[in-house]
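Visitor: Okay, sequence plus prediction incoming.
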Amino acid sequence: MSTRTPSTSTQPVRTLVSSVTCPHCWAEFPPAQVRFVAEHAALQGDAVLGEGAAMRFLPSRFDARGRAIDPLGATASRMACMRCHLEVPPAALELPQAIVSIVGAPASGKSVMLAAASFSLRSGLVVDGLEFIDADPSLNDLTLELESSLFRSSTPDRPAMIAKTDLAGRLYRSFRVGDANWTAPKPQLFVVGRGSQRRLLCLYDNAGEHFLPGADAPHEPVTRHLGVSRSLIFVVDPTQDQRVIERLGGREAVQAVGGAGSIDQRQDLILIEVANRVRRLRGLSAFDRLPFRIVLALSKADIWGAVTEPPIAADFGGYRAGKSIAVPPKSVLKQVDATCRDFLSHYMPELLATARALDPDLRIVPFSGLGHPPSSATRGERLAIRPRDVNPVWPAAPLVVALAEAEPTLFPEHASK
Amino acid sequence: MSFEVVHTSVVRGLRGESGFATAIVTRGLPAGLESGLQDVSGYDHDETRAIGVDTVEWAHRIVTVRGRPYTVLSRIAPNGVDASRRPNRIAHHLVLEPHDRAAGGPAWMLGQHRAFETGTPAVEERSAQPSLPKGSLTARPARAWEAAGFDAGWAGVLAQTILDAPQSTIYVVLPEPLEVLPLVIDVMALLPEDRRWHVTFSTRPLVTLPQVRCQLRFVRANAPGLARLLADPSARTLHVEHDLGAGEGRAAEAARRGEVVEPTVRAPNLKVHPVIDLSTSAASPSPAKVPEIQTPQQSIHAPSPPVPPQPVFAGALLAAKENTSTRTAHQVPAVAYSSPSESTATSWPVLAVFLIGYSVVAIFGALVLFILAASGR
């Protein structure tokens, strides 16, 4: 069901969705309940966001063009969630949402994948006919900054550090719900369009620590997007596994080429924890299948891809040289999927078994967000990479495959069914 | 009992997790406080993006967790690289009970506490409370401001702004990165002892959280996004520059001579905050000359040459009027603190006698009417 705003001869008709899901707190509400952000300078201070934010209000007065008027007469155009009062882009009221959860262990490469995927998708060279634009650049500042430092740096020969996603700070927003303060990750919002279809894509860059067992706190719903997401990308870093490390020549050798090396994570336990949270948040029983497709995104493929049978790192199915950011055709993806399954069953069998148990139709996509190993000048120094050396391979493939599974009509050539 | 919490990236934290985790905690830490302090443990390693003026964040904040406010002193600083060879940081928080607060003030305590962890520590739960410095701080000339190349008078201007606008966020804009804690200690020295723990501050602010009070924020000029922060109409801004004096106002002179600064306006009716002992008496207005600080949206600068009147649009005049009304709303009217005047006190007995007399006459009249009515029957 959709409602239509009053139209005049000079105004286009705006079709609103029947229900809006807030990308910040995931509250669902009808578009008529959206709050507006007061523009008048005197209306400072909000009951939910505190004294530093402008007042949010439910408008009762509108101007001739249908814009809300705040209590002191200023025209207000910015909108906010009715519960958390955080700002939502107008597209949230007009477009169906596609929330994709990106999860994984600490240092598995989630942030780099997100930045590499968004940067390459903007180019229009990833999938034919795909439009990919920021829903609100001011909300996407974190991804834009990472893109700028790694992929379009103004100082391409100056090494850029690989930052660690913190548990606090600019990546998160706080708001008041009842008597409690909640903290939630800042969403990265994009409008994805192809043909006549448009979706509001919501992505979240969580710290890996948030997915560790026991890290889910009641008033820090940093992973609650798992309760509404349409697809799940589980980023796996094979270079964190001892068996892969040994196959690659030991910790020193793996660290030398930019692998994790010194971290030994049970990544299968994180996947189980995530599945349990999904079930808990959605009220599913232990026997229910997860309501979305799991995409295993194997990161740092340029490091471990040499030990697969056949080695995928050599040419990535012929999709490395010249067109490495393009998403390869389904046949190539299927072939590489089979290669990666063999690799996982050999080196990380419990992870593959866990993923299969949760979703028998899971898909596996390797990628490399940087395409070139970062390095540190000396032992113990921070990892960095020259932006000139960055050459991502299949950076958007996991995201496109996940979107294809969630929205098959948007990417029919990549959907499994 | 006071507590301490150290949060950094470790291979295995106190709760068994890896990555950013609690490395040290004092046993008996109140429930919810560990995650509450995690929210103020963030650090932005990107110097081009950070708005703070100091490399190390020294902070005194009031953090409210589950409805209870806590006094928290923090030191947050870079800590090399972690196991994944990515930039690490370490946040060391001290949660103070009221009786552990030194008379010298929060900045003095931060400067005196020698047990802050500066490298990745051994993971442990401590049974003993942290050993905290005790001592006082007498008013003294603002030498640290002079050493940093600023007029010492700025310390006095800032101290007076704190006293005059205790509920307002104050941004102190400094021209280049520097160590700010000595400057804060100088400012605290100019405040009355009973006001020092009312002042919350951060030398490298990161984000604003509704559950965290942080009044004084030291930021770097030309920092990205600074203009948006300074546009907050309820905030006050103090621009400090090397070649600009703080004027000849009473507060500036007090900072140069090393005397306690007094407020120029009556202390507003503070919202009662359980952590802070509100025993301050309202000070009388001082006629001292100070740089203009009454306008939140105006930056505080030293006296500047008079500007010729500019033609303005009617809309601008209206906006200016509305802004003035906003400021007034933030300052509680003086009547809130005024005691009953003498004339009001003397009028009470007269009023009471009048009311009693009126009641007696009314009752007597009613009785007469009743008797007349009864006899008429």
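Guide: Structure received. Everything numeric here is computed off the predicted structure, so don't read it as measured data. Residues are numbered from 1 along each chain as shown, chains lettered A, B, ... in the order given.
Visitor: how about residue A:100, what does it touch?
Guide: Neighbouring residues of residue A:100 by C-beta atoms under 8 Å, 6 or more residues apart in numbering or on different chains: A:201-203, A:229-233, A:399, A:402-403, A:406. Quick note: C-beta positions are derived from backbone N, CA and C, even for glycine.
Visitor: Could you tell me how many residues sit around the nearest residue in space to residue A:27 that is not next to it in sequence?
Guide: Distances taken as C-beta to C-beta, 6 or more residues apart in numbering or on different chains place residue A:83 nearest to residue A:27, at 4.0 Å, with adjacent residues excluded. Neighbours of residue A:83 under the rule other C-beta atoms under 10 Å in any protein chain shown: 19.
Visitor: Kindly report the same for the one 5 residues further on.
Guide: Neighbouring residues of residue A:88 were enumerated by other C-beta under 10 Å; the total is 27.
Visitor: and if you look at residue A:259?
Guide: 25.
Visitor: my guess is it meets residue A:300, correct?
Guide: Yes: Residue A:259 is within contact range of residue A:300, at 6.2 Å (criterion: C-beta atoms under 8 Å).
Visitor: which neighbours do these two share?
Guide: In contact with both residue A:259 and residue A:300: A:237, A:239, using C-beta under 8 Å, 6+ apart.
Visitor: Going by distance to residue A:212, which of the contacts of residue A:100 wins?
Guide: residue A:232 (16.7 Å; C-beta to C-beta).
Visitor: List the residues that contact the residue of the stretch 151-300 of chain A found nearest chain B.
Guide: Across the stretch 151-300 of chain A, the shortest distance to chain B (C-beta to the nearest C-beta) belongs to residue A:169, at 2.9 Å. Residue A:169 sits next to B:42-44, B:206-207 when contact means C-beta under 8 Å, 6+ apart.
Visitor: What's the local residue count around the nearest residue to it once chain neighbours are set aside?
Guide: Nearest residue to residue A:169, sequence neighbours excluded (C-beta to C-beta, 6+ apart): residue B:42, at 2.9 Å. Close neighbours of residue B:42, defined as other C-beta under 10 Å, add up to 21.
Visitor: Could you do residue B:143 as well?
Guide: Count around residue B:143 with other C-beta under 10 Å applied: 14.
Visitor: wouldn't it be in contact with residue B:152 here?
Guide: Yes: the pair residue B:143 / residue B:152 is scored as a contact, 7.2 Å apart, by C-beta under 8 Å.
Visitor: Give the residues shared as contacts by these two.
Guide: Shared contacts of residue B:143 and residue B:152, counting by C-beta under 8 Å, 6+ apart, come down to residue B:186.
Visitor: and the residue of the stretch 151-300 of chain B nearest chain A?
Guide: For the stretch 151-300 of chain B, C-beta to the nearest C-beta, closest residue to chain A: residue B:210, 3.6 Å.
Visitor: from memory that residue sits against residue A:45, does it?
Guide: No: Residue B:210 lies out of contact with residue A:45 (C-beta under 8 Å); the separation is 10.8 Å.
Visitor: Next one: the residue of the stretch 1-150 of chain B found nearest chain A relative to residue B:116, how far apart?
Guide: Per C-beta to the nearest C-beta, residue B:42 is where the stretch 1-150 of chain B lies closest to chain A, at 2.9 Å. Separation of residue B:42 from residue B:116 (C-beta to C-beta, to the nearest Å) stands at 17 Å.
Visitor: With residue B:257 instead?
Guide: 33 Å.
Visitor: likewise residue A:202?
Guide: 40 Å.
Visitor: Quickly list the domain ranges of chain B.
Guide: B:3-283, B:336-377 (automatic domain parsing).
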